[in-house]
Each structure stands twice: as C-alpha cells, then as structure tokens.
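1. Coordinates only, no sequence provided:
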C-alpha cells in the first residue's frame with residue numbers, strides 16, 4: 001500500500017506540474033481516454049478529456065498548487081487520491097477559489113500503467129457564472 005501511495009502521489013505532482021506548464025502532451029499521457037473532470041458547482045459540470053486538454057494551461061490556468069493532507073486508497077486496479085488543494089488558478093481570467101477539495105481516481109492497466117480516469121473538484125458555488133464558464137469549455141456541445 002505504501003508503495004502505491006507514493007507512486008500515486010508522484011503521479012499527482014506530475015499532473016499538476018503539467019497543468020502549470022500547459023503541457024498537453026504530458027496531461028494526455030497521464031489521463032485515460034475516458035477521463036472526466038467534474039466541477040462541484042450548482043449545477044455540477046463535466047469536462048471530458050478533450051475539453052480538459054484543450055482548456056488546461058490556457059483558458060483554465062494554474063500557476064501554483066499545494067496539497068494538504070493526502071489520502072490514498074487502493075482498491076485492486078483502482079486508487080483513490082483525496083486532498084485539500086490550495087492553488088492559484090483562473091478560469092477564463094476569473095480567479096479560481098484558492099481552496100478546494102480534490103478527489104482523483106487512478107486505474108492501473110497492464111499496458112500503460114496508471115492513468116487518471118476521474119477528477120472531482122468540489123466547490124459548491126451558487127453563482128450561475130461558474131457553470132456557464134465551465135460549460136463554455138465543453139467541446140462536445
């Protein structure tokens with residue numbers, strides 16, 4: 001378990017550094033084809049992998065992050081990563097809240113190893129601005 005925890009934490013740091021760098025190639029390598037990102041807004045909004053890769057580092061930029069208490073739970077070929085996340089980020093130029101709750105699900109494949117399949121950023125927001133901003137990132141509309 002400890003080895004998986006360290007590996008998942010290292011992958012999380014790679015993912016966040018790639019987001020900061022706007023490195024779509026690295027983000028693509030770390031995410032599964034069926035990756036989704038769920039934003040805890042009201043209503044909740046979903047980005048698929050292509051939408052996320054297109055927005056990351058551009059319309060949804062991050063310049064700094066820090067994980068709080070980290071929890072990793074391995075369930076066979078799946079690992080759940082949860083933490084308080086402090087970050088400096090913006091979505092279409094609007095500041096993103098500095099503190100949020102992050103839950104990620106990683107899946108291990110025989111070929112390709114660990115891939116991020118699900119990311120949930122829990123931010124309850126009653127404002128209609130956030131859902132509209134995230135919806136504008138969705139490429140499938």
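-> Nice, thanks for sending it over. Values in this document were obtained by computation on a predicted structure and should not be read as measured data. Numbers count the residues shown, from 1 in each chain.

2. so where's the protein shaky on pLDDT?
-> The chain contains residues with pLDDT under 70 at 1-2, 123-127.

3. and if we set it to 90?
-> Flagging of the chain using pLDDT under 90 yields the residue ranges 1-4, 40-44, 96-99, 110-112, 122-136, 138-141.

4. longest helix in it, by residue count?
-> What stands out as the longest helix in the chain, according to DSSP state H, is helix 2-21.

5. Name the next helix or strand downstream of it, please.
-> Using DSSP states H and E, the next helix or strand after helix 2-21 towards the C-terminus is helix 24-30.

6. separation between the spatially most central residue of the chain and residue 111?
-> Taking CA atoms, centre = their mean, the centroid of the chain lies closest to residue 119, which sits 4.5 Å from it. From residue 119 across to residue 111, the span is 22 Å (CB to CB, to the nearest Å). Glycine gets a C-beta too; all of them are placed from N, C-alpha and C.

7. Next: residue 64.
-> From residue 64 to residue 111 the distance is 34 Å (CB to CB).

8. So residue 94 is in contact with residue 132, correct?
-> No - using CB atoms under 8 Å, residue 94 is not in contact with residue 132; the gap is 10.9 Å.

9. At which residues are the strands of this protein located?
-> Using DSSP state E, the strands of the chain run over 31-39, 45-48, 60-75, 78-91, 94-95, 99-109, 113-122.
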